[in-house]
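Novice: Predicted model follows, preceded by the sequence.
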Amino acid sequence: MNWVKTRLRDYLEIGQHQPVQRQVLDMVRARPGQDQEIQRYMGNAPNVAAYLRQYALSPWVYTGVARLAEVAAVARLGVVRQDDLSKMNASHAILRLLGIFGIPNDQQDNLEFWEEHLTFFDLAGNAYWYWFSAAGGVPTEVFNLNPAKMRIVPGRNRTVAEYEYRVNGQVYHLTPEEVTHFKRPNPFNQYYGMPAIEAVLLDSEGDRLMAEWNVDLFGDGVSIPAGIFVIDPATTDAERDRLERELNARYAGKRRTALLRAEANKTVWHGETLAHREMDFRQGRLLSRQAIMDALDLPLGYLSDASTEAHARVAERRYYASAQRRLIRTERKINADAMQFWQGWDVWAVQFDDLRREHADWEQEERKISSLLKLFTVDEVRAMEYNAGPYPEEDKEDAVLSADGGPDEPVDRGSDRPVPDAG
């Protein structure tokens, strides 16, 4: 058990607060001593399996979740000093598990681990890591646990007493110190996160039912008349059979031609029958796609075939920003909950590379930086945009001239921020 977590837990359990403060703290945590509350939360665990099924049942859910996970999973994880983000620690032990060349466990490589984590997080609103230590010290492996098999047991004097992981009829009791729980906000439950799929579950299910309806109507073994010939009642059966054979031979397939005898002496063609154009619910499916993509924060313009270049560029920036937000959630949880396994947890922090920088439109980025340099100093721009330290004094003048486009456009780069012209 990690010594820092033990110390913090003991501090909270022994109680270093005034009585009123302690009561408030207990209420925020788990409402201690209320067994019925514990049973209520255990009984109200979300039906995570229903969310996970959408990954296989909905093409829109699969596309959105898979694309975001694939893009975010390739981001490089580094370790930086908390007081100076420009200083890196390339030999920190956590990188041997989660770094770009790390091996998280004996079943997955680095990319598989991150894709699975991000997929669980988006689909279930919860992701659980189990830290395993062969010798009882710092972790030697880390595993993703299936959120559909996890149950949280509320505590009487802290929020979580334990995690119950059910596999093949066995229940494994895991302590909070062994598990890192990533979760989305949930206003209805303080123990489980709420996924975006919950808000669009009806849209996803409706889209699937529309697709199934089309398959039932136009699938194998189902013949829909392409049209109807109403023939003269005097036509013999042999002649009728000949017409039917010739029509079906010429227009072979599932769309067949029906022949009916008319009451009058005439032959009429009726082409108005069920058509796929009316029956495939195209507009309804597109609306479902829009709702699902919006819920996942995936801009549709990035995937739509109707996008212009301008639409696609804006959507691409939103796309990478959405993936980056998932990484920021992950890195901050690691820093708060997992870095304490290693000494120096109050000095070092993990940080992902910024996907927005790696995939930026650098022509537009250059225009942005040039505009910022008219309002801020070089060092301020480096800090705001790149988390970088001050520029070396001997190179600063060259950087200023390069950014401004030449010596003909001088801009004050002193410590005082220039004031824009009000006119």
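Specialist: Thanks, I have the structure now.
Novice: C-alpha from now on. contacts and neighbour counts both.
Specialist: Noted.
Novice: what about the stretch 201-350 of the chain, any weak spots by pLDDT?
Specialist: Filtered on pLDDT under 70, the stretch 201-350 of the chain yields the residue ranges 214-231, 247-282, 300-312.
Novice: Helices along the stretch 301-423 of the chain, start to end?
Specialist: Counting by DSSP state H, counting those that start in this stretch, the stretch 301-423 of the chain has helices at residues 309-337, 355-358, 362-372, 378-386, 393-404.
Novice: Residues contacting the shortest one, please?
Specialist: Going back to what we said before, that points to helix 355-358. With C-alpha atoms under 8 Å, 6 or more residues apart in numbering as the test, helix 355-358 has contacts from 72, 75, 317, 320-321, 323-324.
Novice: Repeat the analysis, applying 6 Å as the threshold.
Specialist: Contact partners of helix 355-358, identified using C-alpha atoms under 6 Å, 6 or more residues apart in numbering, comprise residue 320.
Novice: just use 59 as the starting number from now, easier for me
Specialist: Okay, residue one is now 59; in that scheme the one you just asked about reads as helix 413-416.
Novice: I'd like to know the average pLDDT value across it.
Specialist: In this model, helix 413-416 has an average pLDDT of 75.
Novice: List the buried residues of it.
Specialist: 413-414 (16 or more other C-alpha atoms under 10 Å).
Novice: The first one now?
Specialist: Residues of helix 367-395 classed as buried: 370-371, 373-382, 384-385, 388-389, 391-393, 395 (neighbour count, 16+ other C-alpha under 10 Å).
Novice: Check what pLDDT residue 240 gets.
Specialist: As summarised for this prediction, residue 240 has a pLDDT of 96.
Novice: same check, this time on the one 10 residues further on
Specialist: Reading off the per-residue confidence, residue 250 sits at a pLDDT of 91.
Novice: same thing with residue 104?
Specialist: According to the prediction, residue 104 has pLDDT 78.
Novice: With the one 5 residues further on instead?
Specialist: You'll see residue 109 listed with a pLDDT of 87.
Novice: list the contacts for it?
Specialist: 181-182.
Novice: Next, it: phi, psi?
Specialist: The phi and psi values for residue 109, taken as degrees, to the nearest 10, are phi -70, psi -40.
Novice: just residue 244 next, same as before
Specialist: Main-chain dihedrals, residue 244, degrees, to the nearest 10: phi -140, psi 110.
Novice: Quick check: the gap between it and residue 114.
Specialist: Distance of residue 244 to residue 114, given as C-alpha to C-alpha, to the nearest Å: 25 Å.
Novice: now do residue 190
Specialist: On the measure of C-alpha to C-alpha, residue 190 and residue 114 end up 30 Å apart.
Novice: out of these two, which sits in the more crowded spot?
Specialist: In this view residue 190 and residue 114 are compared by other C-alpha atoms under 10 Å, and residue 190 has more residues nearby, 17 against 11.
Novice: And that one, its phi and psi?
Specialist: Torsion angles, degrees, to the nearest 10, at residue 190: phi -110, psi 130.
Novice: per-residue confidence at it?
Specialist: Confidence score, pLDDT, at residue 190: 92.
Novice: same check, this time on the one 3 residues further on
Specialist: pLDDT, residue 193: 78.
Novice: just residue 127 next, same as before
Specialist: Residue 127 is assigned 92 on the pLDDT scale.
Novice: packing partners for the helix or strand encompassing it?
Specialist: If you go by DSSP states H and E, residue 127 is part of helix 117-131. Counting contacts by 3 or more C-alpha pairs under 6 Å, 6 or more residues apart in numbering; DSSP states H and E, helix 117-131 packs against helix 168-182.
Novice: quick one: buried residues of the helix it packs on?
Specialist: By 16+ other C-alpha under 10 Å, the buried positions in helix 168-182 come out as 168-169, 171-182.
Novice: Which strands or helices does the host helix or strand of residue 304 pack on?
Specialist: Take DSSP H and E as the rule and residue 304 turns out to sit in helix 295-308. On a contact count with 3+ C-alpha pairs under 6 Å, 6+ apart, helix 295-308 meets no helix or strand.
Novice: May I have it exported as CSV, CA atoms only?
Specialist: Only the C-alpha atoms of helix 295-308 are listed here, as CSV (Å, rounded to 0.1, in the frame of the first residue of the first chain):
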residue,chain,number,x,y,z
ASP,A,295,-52.6,-18.8,-68.1
ALA,A,296,-49.8,-19.9,-70.4
GLU,A,297,-49.4,-16.4,-71.8
ARG,A,298,-49.4,-15.0,-68.3
ASP,A,299,-46.7,-17.4,-67.2
ARG,A,300,-44.6,-16.5,-70.3
LEU,A,301,-44.8,-12.8,-69.5
GLU,A,302,-43.9,-13.4,-65.9
ARG,A,303,-40.9,-15.5,-66.8
GLU,A,304,-39.6,-13.0,-69.4
LEU,A,305,-40.0,-10.0,-67.0
ASN,A,306,-38.3,-11.7,-64.1
ALA,A,307,-35.5,-13.0,-66.3
ARG,A,308,-34.8,-9.6,-67.7
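Novice: Go through it and flag the buried ones.
Specialist: residue 302.
Novice: Give me the pLDDT for the residue nearest to residue 183 when sequence neighbours are not counted.
Specialist: Leaving aside its chain neighbours, residue 183 sits nearest to residue 253 (3.7 Å; criterion: C-alpha to C-alpha, 6 or more residues apart in numbering). Residue 253 is assigned a predicted lDDT (pLDDT) of 89.
Novice: Next: residue 230.
Specialist: 93.
Novice: same thing with residue 179?
Specialist: Reported pLDDT for residue 179: 95.
Novice: what's it in contact with, if anything?
Specialist: Here residue 179 is in contact with residue 185 (C-alpha under 6 Å, 6+ apart).
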